[in-house]
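# Fold the following, please.
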Amino acid sequence: MEQKGYFVSDIPRRTFLGRSVKGGIALAAAPTLVSLLESCGGGNLPSASATVEVDPQIIDAAIHRALRDGGEYAEVYVVR
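Below you'll find the model as predicted:
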């Protein structure tokens, strides 16, 4: 594909049509996707400051188990 200023020449017809259709679908779907994202609202999500009580011994046991076979780094994620 050779580019001349603002014009692109020698783009295959099939490629042009495929990109045109994909762009049209993206433009047509954008308002619907945005409204779906806005409608989620996040009203039922826990706040960032919500605390979860976990026994420290359980966390220590999980980290030790992860590191016992030679690992150098371990993390524990608590999901509510």
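# And stretch 72-80, what's buried?
By neighbour count with 16 or more other C-beta atoms under 10 Å, stretch 72-80 contains no buried residues. The way it works is simple: take the backbone N, C-alpha and C, and place the C-beta from them, glycine included.
# List every C-alpha atom in it, with coordinates, as CSV.
The C-alpha coordinates for stretch 72-80 follow below in CSV (Å, rounded to 0.1, in the frame of the first residue of the first chain):
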residue,chain,number,x,y,z
GLU,A,72,10.7,-16.1,45.8
TYR,A,73,7.4,-14.1,45.9
ALA,A,74,3.8,-14.8,46.9
GLU,A,75,0.7,-12.8,47.3
VAL,A,76,-2.7,-13.5,48.8
TYR,A,77,-5.8,-11.9,47.5
VAL,A,78,-9.0,-11.9,49.5
VAL,A,79,-12.1,-11.6,47.5
ARG,A,80,-15.4,-10.9,49.1
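# which residues of the chain fall in helices?
13-40, 56-67 (DSSP state H).
# tell me the most buried of those helices?
Mean neighbour count (mean count of other C-beta atoms under 10 Å) peaks for helix 56-67 among the helices of the chain, with a mean of 11.
# Alpha carbons of it, as PDB, please.
Presented in PDB, the C-alpha positions along helix 56-67 are these (Å, rounded to 0.1, in the frame of the first residue of the first chain):
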ATOM      1  CA  PRO A  56      -3.700 -14.000  59.900                       C
ATOM      2  CA  GLN A  57      -2.700 -17.600  60.400                       C
ATOM      3  CA  ILE A  58      -4.500 -18.700  57.300                       C
ATOM      4  CA  ILE A  59      -2.800 -16.000  55.300                       C
ATOM      5  CA  ASP A  60       0.600 -17.000  56.700                       C
ATOM      6  CA  ALA A  61      -0.100 -20.600  55.900                       C
ATOM      7  CA  ALA A  62      -1.000 -19.800  52.300                       C
ATOM      8  CA  ILE A  63       2.100 -17.700  51.800                       C
ATOM      9  CA  HIS A  64       4.400 -20.400  53.400                       C
ATOM     10  CA  ARG A  65       2.800 -23.100  51.200                       C
ATOM     11  CA  ALA A  66       3.400 -21.000  48.100                       C
ATOM     12  CA  LEU A  67       7.000 -20.400  49.000                       C
END
